[in-house]
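Participant: Structure here, sequence nowhere to be found:
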C-alpha cells in the first residue's frame, strides 16, 4: 500500500533520486551514493546545455548547492516549495524551471535526495545525513550489481537496452 511505501521511506530502507536517465527511481538507500556516482556521470555531462537554456551560471549552481546544504544541515527536511523559497531568499531566481533544475542537479551530484513527501509535496534532505553509512562497492562490483538487477527485473532484454537504460 502507499502507507507501506511511505513507512519504508521513513525507515530509510529506500529513497528516491535520479540515478540514471534523469528519471526519479526508488533505490535502496545504502546504494544511492554509488549509483549516482556510477550512472549519473553521463546525465551530468549533458546538463550544461540545459543550465545554459535556463540561464544558470556555474556560479549560481554552486551558490544554490551551498545555500541548500546550509539550510538542510543538521537533519533538516524541507518541502520543494520551502527549498525554492530558501533559494529565492538568497537572490537565486527559481522561476521557469530553474528551481527544480537546481534541486535535480544538487541531487544528481549527491548533495540531496528526495525524502518522503510532506503532504503532497516532495521533500528534500541531505543524502549524507539521510544515509550516513552508504555501501561503497568497487566499480566492477557496482557494475555487476546494476546489471544483475536490471536483467532480473526487465529480462529478457539486450545489452544494448541495458546500456541505454543505465547510461
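Facilitator: Nice, thanks for sending it over. What you see is a predicted model; the values in this text were computed from it and never measured.
Participant: contacts for stretch 89-99?
Facilitator: 54-56, 60, 63-64, 67, 83-84, 87-88, 100, 102 (CB atoms under 8 Å, 6 or more residues apart in numbering). Every residue, glycine included, has its C-beta placed from N, CA and C.
Participant: Try it again at 6 Å.
Facilitator: With contact meaning CB atoms under 6 Å, 6 or more residues apart in numbering, stretch 89-99 is reached by 54, 56, 64, 67, 84, 87-88.
Participant: By neighbours, which of those residues wins?
Facilitator: residue 64 (25 neighbours; other CB atoms under 10 Å).
Participant: A strand includes residue 27, no?
Facilitator: Yes - checked against DSSP: H, G, I helix; E, B strand; the rest coil, residue 27 lies within a strand.
Participant: Can you give me every residue that contacts it?
Facilitator: Residue 27 neighbours (CB under 6 Å, 6+ apart): 19, 35.
Participant: do residue 16 as well
Facilitator: Per CB under 6 Å, 6+ apart, neighbours of residue 16: 24, 26, 114.
Participant: So the second one is in contact with residue 14, correct?
Facilitator: This means residue 26. Yes - the pair residue 26 / residue 14 is scored as a contact, 5.0 Å apart, by CB atoms under 6 Å.
Participant: Now the residue nearest to residue 73 when sequence neighbours are not counted. Its backbone dihedrals?
Facilitator: Nearest residue to residue 73 in three dimensions, chain neighbours excluded: residue 126, at 6.7 Å (CB to CB, 6 or more residues apart in numbering). Here is the backbone geometry of residue 126 (degrees, to the nearest 10): phi -80, psi 130.
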